[in-house]
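**Q** what would the 3D arrangement of this be:
(one chain, ligands or ions: 2)
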Amino acid sequence: MNNNSIRVAIAGAGGRMGRQLINAVLQIEGVILGAAFEHTGSSLLGVDAGELAGLGKLNIRVTDQLEQEKDQFDVLIDFTRPEGTLNYLAFCVENHKNMIIGTTGFSDSQKEMIAQAAKNIGIVFAANYSIGVNLVLKLLEKAAKIMGDYSDIEIIEAHHRHKVDAPSGTALAMGESIADTLNIKLADHAVYCREGHTGERPKGAIGFATIRAGDIVGEHTAIFADIGERVEISHKASSRMTFANGAVRAAIWLSAQPTGLYDMRDVLGLNTL
Ligand SMILES: NC(=O)c1ccc[n+]([C@@H]2O[C@H](COP(=O)([O-])OP(=O)(O)OC[C@H]3O[C@@H](n4cnc5c(N)ncnc54)[C@H](O)[C@@H]3O)[C@@H](O)[C@H]2O)c1
Ligand SMILES: O=C(O)C1=N[C@H](C(=O)O)CCC1
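**A** Ligands and ions are numbered 1, 2, ... in the order given. Purely as a prediction, here's the structure:
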């Protein structure tokens, strides 16, 4: 640790991702843990953040008192729920703190609030912070360019039984990447549900299928299928540390950027390829 270290606050510190993020902050050079937040009423308030993550005492207590901690951090990493994110967003705008948003499941109007906030602070907003998934988003542009206007496109995702939103943010980002390349609106082509007598597959549909089971960390496949052949582009995450390491990398990168809205492809330099 040195005086130039970026001080990170973790929101949702007691969650599956929050605990991994505490771990990642302690392991990665250039960042230190400044604060750990949980929502009001959480049974984890007052618990030591290091002990929460199984790392021993850090003398940083989990709190819901943002105002009291505001001088302890430069950037807030949020993996919570949309309503939680929007509360933290208002606080960060008010107090000029950068934000890394990993939460998924936002409505269009909530996404617009994030975009508006990014006029005042730096925000990286990504449905998936793994390097591999962001590479996949780029590969999908290539596949869509070559096969997108004649093949049947389907996106399949699988996650653990506790996940509350569907399709996953990553599956939607994959759909957006394909739709943007084809110059179409995902909302006009997405098919999220099939049941009963559906009729034949409409040409140009982008289908989504969701699996929720056990402890699956996160798996995504995009299929481009024609008669006689199909291409499948897949990513499988086997540890949440891949997301946590990516989010901390984004926090370091964001500290050197001007105010604005970025995604993980900006952080990795993939948007200029
Ligand atoms: N972008 C990525 O790379 C990535 C990776 C994994 C998970 N996620 C997303 O991150 C989010 C969290 O996932 P998780 O598996 O850690 O979930 P989780 O349920 O284990 O953790 C959520 C945390 O948020 C807290 N929380 C819930 N409601 C809140 C509120 N209103 N205000 C403040 N805090 C609140 C909970 O107490 C908990 O600590 C989900 O939206 C998930 O889809 C994104
Ligand atoms: O575990 C989750 O929840 C995940 N959510 C993200 C999504 O919705 O895409 C990323 C993968 C893990």
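**Q** show me where this structure dips below the pLDDT cut-off.
**A** Applying pLDDT under 70 to the predicted model, the residue ranges of the chain that meet it are 1-2.
**Q** can you rerun that using 80?
**A** Screening the chain residue by residue with the criterion pLDDT under 80, one finds the ranges 1-3, 273.
**Q** domain-wise, how is it divided?
**A** In terms of domains, the chain is parsed into 6-125+240-267, 131-237 (source: automatic domain parsing).
**Q** what's the most buried one of those?
**A** Burial among the domains of the chain, expressed as mean neighbours by mean count of other C-beta atoms under 10 Å, is greatest for domain 6-125+240-267, which shows a mean of 19. The C-beta positions use only the backbone N, C-alpha and C, and glycine is treated the same way.
**Q** V62 is in contact with F37, isn't it?
**A** Yes - when contacts are counted by C-beta atoms under 8 Å, V62 is listed as touching F37 (7.0 Å).
**Q** quick one: contacts for the residue lying closest to D149 once chain neighbours are set aside?
**A** Leaving aside its chain neighbours, D149 sits nearest to L182 (6.5 Å; criterion: C-beta to C-beta, 6 or more residues apart in numbering). Neighbouring residues of L182 by C-beta atoms under 8 Å, 6 or more residues apart in numbering: 144, 148-149.
**Q** adding secondary structure and distance to Q116, write the residues you listed out as JSON lines.
**A** Output for the contacts of L182, formatted as JSON lines (DSSP: H, G, I helix; E, B strand; the rest coil; distance: C-beta to C-beta, whole Å):
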{"residue": "A144", "secondary structure": "helix", "distance to Q116": "29"}
{"residue": "G148", "secondary structure": "coil", "distance to Q116": "32"}
{"residue": "D149", "secondary structure": "coil", "distance to Q116": "34"}
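**Q** for those residues, which one is nearest ligand 1?
**A** Checking these against ligand 1 by C-beta to the nearest ligand atom gives A144 as the nearest, at 22.2 Å.
**Q** show me the contacts for the closest one.
**A** Applying C-beta under 8 Å, 6+ apart as the definition, the contact partners of A144 turn out to be 153, 177-178, 181-182, 224.
**Q** residues shared between the contacts of V62 and F37?
**A** Shared contacts of V62 and F37, counting by C-beta under 8 Å, 6+ apart, come down to A13.
**Q** determine the three-state secondary structure at A171.
**A** Taking DSSP: H, G, I helix; E, B strand; the rest coil as the rule, one finds A171 in the helix state.
**Q** check contacts around it.
**A** Taking C-beta under 8 Å, 6+ apart as the test, what A171 contacts is 155-157, 208, 210, 220.
**Q** can I get stretch 228-246 in CSV, CA atoms only?
**A** Taking Å, rounded to 0.1, in the frame of the first residue of the first chain, the C-alpha atoms of stretch 228-246 are listed here in CSV:
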residue,chain,number,x,y,z
GLY,A,228,-26.4,-27.9,-42.4
GLU,A,229,-24.2,-26.1,-39.9
ARG,A,230,-24.1,-24.0,-36.8
VAL,A,231,-21.6,-21.8,-35.0
GLU,A,232,-21.6,-21.7,-31.2
ILE,A,233,-19.7,-19.1,-29.2
SER,A,234,-19.5,-19.9,-25.5
HIS,A,235,-18.1,-18.6,-22.2
LYS,A,236,-18.0,-20.5,-18.9
ALA,A,237,-17.1,-18.8,-15.6
SER,A,238,-15.9,-21.2,-12.9
SER,A,239,-15.1,-18.6,-10.2
ARG,A,240,-16.6,-15.2,-9.2
MET,A,241,-13.1,-14.0,-8.7
THR,A,242,-12.9,-13.4,-12.5
PHE,A,243,-15.7,-10.8,-12.1
ALA,A,244,-14.2,-9.3,-8.9
ASN,A,245,-10.7,-8.9,-10.4
GLY,A,246,-12.3,-7.3,-13.5
